[in-house]
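**Q** 3D, please:
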Amino acid sequence: MSTPPLAGAGMPPGAFSGTQAQAAREVNTASLCRIGQETVQDIVFRTMEIFQLLRNMQLPNGVTYHTGTYQDRLGKLQEHLRQLSILFRKLRLVYDKCNENCAGLDPIPIEQLIPYVEEDGSKHDDRGAASQLRFASEERREIMEVNKKLKQKNQQLKQIMDQLRNLIWDINAMLAMRN
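**A** Numbering: from 1, shown residues only. Reported below is the predicted structural model:
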């Protein structure tokens, strides 16, 4: 597999149009925030590595140690510190660019960004909810009463049907004896 050619390969420098170069320079604020977040994560990772190196490193306090190992760990520590300072500079640039991009925006009060219920409105809602609950409980009680009456009526109808069945049975028995 071959790698695709780079954009602008074979073209002289400056062959890009002015709008493309300007678009490349202007970065979205959200992208800057993402880059800043990644930079902070890199800083935390590097800091953890530095503390790990310091924890494993022997201090030169007269105790016998291997000079080569010490020098190697010291070199790694200095490299991590150098990279950490570069990351902090990068984070500062991202921070300044974000502030520059957001300088023209009107600050929005936090109260408008967070939806919340005012105390006066919540009291009215509580009263409304209480009245709805009362209404629902009254409806339920009425339905239970209607169900109770309906069961009583069904029981009466069953008794009447049993009496009719017995009456018809007796009539059929009398007709059968007559014949």
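**Q** what's the helix or strand for residue 37?
**A** helix 29-56 (DSSP states H and E).
**Q** mind listing what's buried in that helix?
**A** Residues of helix 29-56 classed as buried: 32, 35, 36, 39, 42, 43, 46, 50, 53 (neighbour count, 16 or more other CB atoms under 10 Å). Quick note: C-beta positions are derived from backbone N, CA and C, even for glycine.
**Q** mind listing what the fifth one touches?
**A** Listed by CB atoms under 8 Å, 6 or more residues apart in numbering, the contact partners of residue 42 are residue 87.
**Q** how near is it to residue 165?
**A** 91 Å (CB to CB, to the nearest Å).
**Q** ok, the second one next?
**A** Distance from residue 35 to residue 165, counting by CB to CB: 89 Å.
**Q** with the last one instead?
**A** Residue 53 sits 99 Å away from residue 165 when distances are taken as CB to CB.
**Q** go on, residue 109?
**A** 81 Å.
**Q** neighbour count: those two, which is higher?
**A** residue 165 (10 against 7; other CB atoms under 10 Å).
**Q** so the more buried one, which state does it fall into?
**A** Secondary structure state of residue 165, per DSSP: H, G, I helix; E, B strand; the rest coil, is helix.
**Q** per-domain residue ranges of this structure.
**A** Domain ranges of the chain: 25-105, 136-178, per the TED database.
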